[in-house]
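> no letters, just coordinates:
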């Protein structure tokens with residue numbers, strides 16, 4: 001097994017346990033091409049972490065946030081790991097922050113390092129990690145309708161019910177009736193756990209019900225559409241309670257990290273029967289595969305349900321993944337947009353005006369909007385040092401937000417405008433959601449990753465990110481410098497610096513068509529000319545030069 005000690009990280013009891021589970025954190029290459037570390041360097045941040053004379057390439061995943069299409073991430077990363085081994089680190093914002101959390105959790109599971117009582121080989125570990133990624137599709141199926149599944153799918157039923165009840169029309173003719181119907185919906189048994197209490201309170205106590213009810217009903221009718229045409233999205237309370245969402249995502253992380261009431265025998269049986277057998281197959285095929293006297297799908301479902309039942313019965317009986325710090329075990333970065341200085345002050349005034357049922361004014365200088373990142377202090381210091389000397393507009397907006405728990409960052413980064421108002425990080429800084437760096441390649445390179453695979457989709461920069469930034473004062477020249485695909489920009493530099501681009505087409509699918517999303521993300525073109533990704537016995541077949549794949553390559 002690799003020596004995966006982290007000499008530069010604080011070693012708490014939980015961190016030690018986590019580190020022992022990261023035995024295969026780096027994928028390997030024996031080309032000996034690097035060698036920039038001192039001879040006495042030890043640990044996975046060196047060129048030769050296991051001191052076997054070979055160059056162990058630190059492979060990291062840069063994950064593009066994609067909202068309700070998040071299941072594409074799991075299929076994509078499963079295939080990457082199957083071919084190139086366990087990951088060293090990851091970065092993402094918005095839904096990509098959730099994927100980064102689950103990535104770390106899966107890599108921490110004790111049974112991805114221990115196979116039948118013996119240390120796993122790198123190939124065995126990769127197969128186990130991959131099948132756990134794929135099983136996230138099964139997780140949503142098994143627990144469909146639970147709070148966790150709704151959290152991942154971001155409360156889609158809410159918009160459907162607002163539309164079905166035609167609350168917008170009702171609000172125009174009978175505000176009180178609309179308010180009563182809205183409150184009944186927001187406090188209904190199937191939604192109330194995820195609904196933001198601040199929104200409910202505002203509907204109940206508004207100084208001008210016509211003002212707030214009509215605005216909120218209109219927003220809920222298009223919930224999840226990710227369209228921004230006004231600064232009101234920064235001050236209107238969102239429907240989702242993101243601290244609760246973080247807690248629910250934390251439950252998923254507990255299961256995948258093996259925290260709490262782990263039935264090691266049942267999980268080992270699932271991994272023994274289904275990991276290697278499932279290599280090269282999507283979850284839809286794996287769940288029907290034989291596993292002793294049952295199937296992989298049935299065995300996984302039984303293991304998941306047993307864990308959930310026992311974990312909910314004694315929620316305070318074990319340490320939780322979500323209370324650990326970002327980057328404490330696996331190098332990780334989570335991004336969000338940040339209002340500082342005059343922008344933060346202007347936002348606070350606009351928020352007060354909206355809650356008072358007054359027309360608000362929010363005028364922001366985009367220079368006061370930064371691209372913030374949470375992570376371990378040493379990782380953030382490396383990124384800030386900018387060893388690669390990147391001089392693009394995105395790198396210039398870097399802001400280190402320091403260390404924080406997953407509970408904290410998952411309450412901020414996924415809270416995009418339209419899903420939530422801007423949220424106070426502290427007395428000075430305000431988070432406006434994780435749209436800011438949808439191609440976090442450059443921060444990973446500066447953090448120390450040798451090989452960065454960028455999981456994305458074809459097409460222009462996100463229209464949503466463009467709309468949000470425009471409402472925050474972005475001008476045309478800055479837009480070009482950040483996101484142009486025809487002129488040098490932060491986006492084109494990220495594509496150039498990515499060692500491989502996993503080029504899915506997830507925008508072509510409905511968020512509810514999970515099977516199609518996963519199938520596409522499992523076998524898309526991979527744009528690369530890097531020998532690490534193109535050569536070797538288990539390289540992904542038919543790499544692309546990026547021709548005709550807008551947004552995936554400049555080669």
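Received the coordinates, thanks. Here the structure is a predicted model, which means the values were calculated and not measured.

> so how far is the host helix or strand of residue 454 from its chain's centroid?
Using DSSP states H and E, residue 454 sits within strand 451-457. Centre-to-centre, strand 451-457 and its host chain are 13 Å apart (C-alpha atoms, centre = their mean, to the nearest Å).

> cool, stretch 523-531 as well?
On C-alpha atoms, centre = their mean, the centre of stretch 523-531 falls 22 Å from that of its chain.

> swap in stretch 282-290?
25 Å.

> in which helix or strand does the nearest residue to residue 135 once chain neighbours are set aside reside?
Using C-beta to C-beta, 6 or more residues apart in numbering and skipping residues adjacent in sequence, the residue nearest residue 135 is residue 300, 5.5 Å away. C-beta here means a position set from N, CA and C on the backbone, and glycine is covered the same way. According to DSSP H and E, residue 300 maps onto helix 296-313.

> residues touching that helix, excluding its own?
Here helix 296-313 makes contact (C-beta atoms under 8 Å, 6 or more residues apart in numbering) with 135, 138-139, 142-143, 251, 254-255, 260-263, 266-267, 269-270, 273-274, 277-278, 286-292, 294, 318.

> which element is residue 399 on?
strand 398-402.

> and that strand, which residues are buried?
398-401 (16 or more other C-beta atoms under 10 Å).

> cool, stretch 458-471 as well?
458-459, 461-462, 464-471.

> same check on stretch 276-288?
Buried, per 16+ other C-beta under 10 Å, within stretch 276-288: 277-279, 281-284, 286-287.

> over to stretch 228-243?
Within stretch 228-243, judged by 16+ other C-beta under 10 Å, the buried ones are 228, 231-243.

> returning to that earlier point: so what does the strand holding residue 454 touch, helix or strand wise?
strand 59-63, helix 71-84, helix 441-447, helix 490-497, strand 500-504, helix 531-534 (3 or more C-beta pairs under 8 Å, 6 or more residues apart in numbering; DSSP states H and E).

> which strands and helices lie in contact with the next helix or strand after that strand?
Sequence-wise, the next helix or strand downstream of strand 451-457 (DSSP H and E) is helix 463-471. Contacts defined by 3+ C-beta pairs under 8 Å, 6+ apart place helix 463-471 against helix 476-483.

> what angle sits between the helix it packs on and helix 463-471?
Following axes from the mean of the first three to the mean of the last three C-alpha atoms, to 10 degrees, one obtains 140 degrees for the angle between helix 476-483 and helix 463-471.

> just the angle for helix 476-483 relative to helix 490-497, thanks.
Using the same axes, to 10 degrees: helix 476-483 against helix 490-497 is 20 degrees.

> what about the residue nearest the centre of the chain, distance to residue 175?
In the chain, the residue lying closest to the centroid (C-alpha atoms, centre = their mean) is residue 96, at 2.1 Å. Per C-beta to C-beta, to the nearest Å, residue 96 is found 39 Å from residue 175.

> which residues touch the closest residue to residue 115 other than its chain neighbours?
Counting by C-beta to C-beta, 6+ apart, residue 124 is the residue found nearest to residue 115 once chain neighbours are left out, at 4.9 Å. Counting by C-beta under 8 Å, 6+ apart, residue 124 touches 115, 275-276.

> likewise for residue 269?
Going by C-beta under 8 Å, 6+ apart, the list of residues near residue 269 reads 291-292, 299.

> which of the residues in the helix holding residue 300 are buried?
Under 16+ other C-beta under 10 Å, the buried positions of helix 296-313 are 296-297, 299-304, 307-308, 311.

> do stretch 485-500 as well
Buried, per 16+ other C-beta under 10 Å, within stretch 485-500: 489-495, 497-500.

> run through the strands of the chain in chain order.
59-63, 89-93, 114-115, 118-119, 290-291, 294-295, 332-339, 369-374, 398-402, 423-424, 430-431, 451-457, 500-504, 526-527 (DSSP state E).
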